[in-house]
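Q: got a predicted structure plus its sequence, pasted below:
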Amino acid sequence: MRHTRLALVLSALLLIGAASAQNWFGVRSGYPLGATLHYGVSNALSRGADLRISGRLVSSGGNVSFGVGADAMLNVFADGPVTAYVGGGPSLEFGSNRAELGVQGLVGGQFRFAQVGLAPLGVFLEGSVGGSISLSGGTARIPTFGAALGFNWYF
């Protein structure tokens with residue numbers, strides 16, 4: 001029931017933001033080892049502030065887990081095909097007999113391929129730092145670090 005409510009709230013946010021914004025879909029991987037699919041809406045939170053919803057599979061310490069997250073991202077620099085952004089947000093991760101609530105800050109940059117006729121395609125590099133607490137009786141992990149390389153497709 002809780003997951004259904006969360007999905008409805010996130011869907012409503014995306015639909016509200018999609019009315020007048022450019023959307024994107026992407027994939028990224030990095031450290032910790034895993035794969036993430038994400039969906040974003042430009043200017044969903046305010047002008048220059050984007051919203052990105054993510055689902056990911058992560059392998060860490062011999063365990064595989066599934067996570068969901070949301071990031072608010074603020075564009076801080078744009079020059080032609082290059083943009084830089086900062087942001088952050090919460091995440092939930094579920095794995096073998098554990099559940100964690102995390103929060104992270106991130107910084108990243110993206111290059112769009114408009115000059116070579118592939119305007120919808122972008123490649124990005126991103127780093128993050130944060131922390132997490134266990135919701136299943138474990139311990140807190142502070143700090144946590146991450147790095148990712150990925151691709152976005154704008155539509």
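A: Yes, it's here. Residues are numbered from 1 along each chain as shown.

Q: so who does Gly69 touch?
A: Listed by CB atoms under 8 Å, 6 or more residues apart in numbering, the contact partners of Gly69 are Ile53, Ser54, Arg56, Gly89, Pro90, Ser91, Leu92, Gly102. Any C-beta I mention is one placed from the backbone N, CA and C, and that applies to glycine too.

Q: which of those residues fall in strands?
A: Those of the contacts of Gly69 mapping onto strands are Ile53, Ser54, Arg56, Gly89, Pro90, Ser91, Leu92, Gly102, per DSSP state E.

Q: adding neighbour count and pLDDT, write the residues you listed out as a markdown table.
A: Shown next, in a markdown table, are the ones in strands among the contacts of Gly69 (neighbours: other CB atoms under 10 Å; pLDDT from 0 to 100):
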| residue | neighbour count | pLDDT |
| --- | --- | --- |
| Ile53 | 20 | 98 |
| Ser54 | 18 | 98 |
| Arg56 | 20 | 95 |
| Gly89 | 19 | 98 |
| Pro90 | 14 | 98 |
| Ser91 | 20 | 96 |
| Leu92 | 17 | 96 |
| Gly102 | 20 | 96 |
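
Q: quick one: which of those residues is nearest Leu125?
A: Nearest to Leu125 out of the ones in strands among the contacts of Gly69 is Ser54 (CB to CB; 16.2 Å).

Q: how close does Ser65 get to Asn75?
A: Going from Ser65 to Asn75 by CB to CB, to the nearest Å gives 30 Å.

Q: whoops, I mixed them up, Leu121
A: 18 Å.

Q: before we move on, what about Gly138?
A: 36 Å.

Q: next: Phe113.
A: To Asn75, Phe113 is 18 Å away according to CB to CB.

Q: neighbour count: these two, which is higher?
A: Neighbour totals were compared for Phe113 and Asn75, and Asn75 leads with 17 against 13 (other CB atoms under 10 Å).

Q: so what's the more buried one up against?
A: So Asn75 contacts Gly48, Ala49, Asp50, Thr83, Ala84, Tyr85 (CB under 8 Å, 6+ apart).

Q: what about 6 Å?
A: Asn75 makes contact with Gly48, Thr83, Tyr85 under the criterion CB atoms under 6 Å, 6 or more residues apart in numbering.

Q: likewise for Gly130?
A: For Gly130, the contact set (CB under 6 Å, 6+ apart) comprises Gly102, Val103, Gln104, Thr144.
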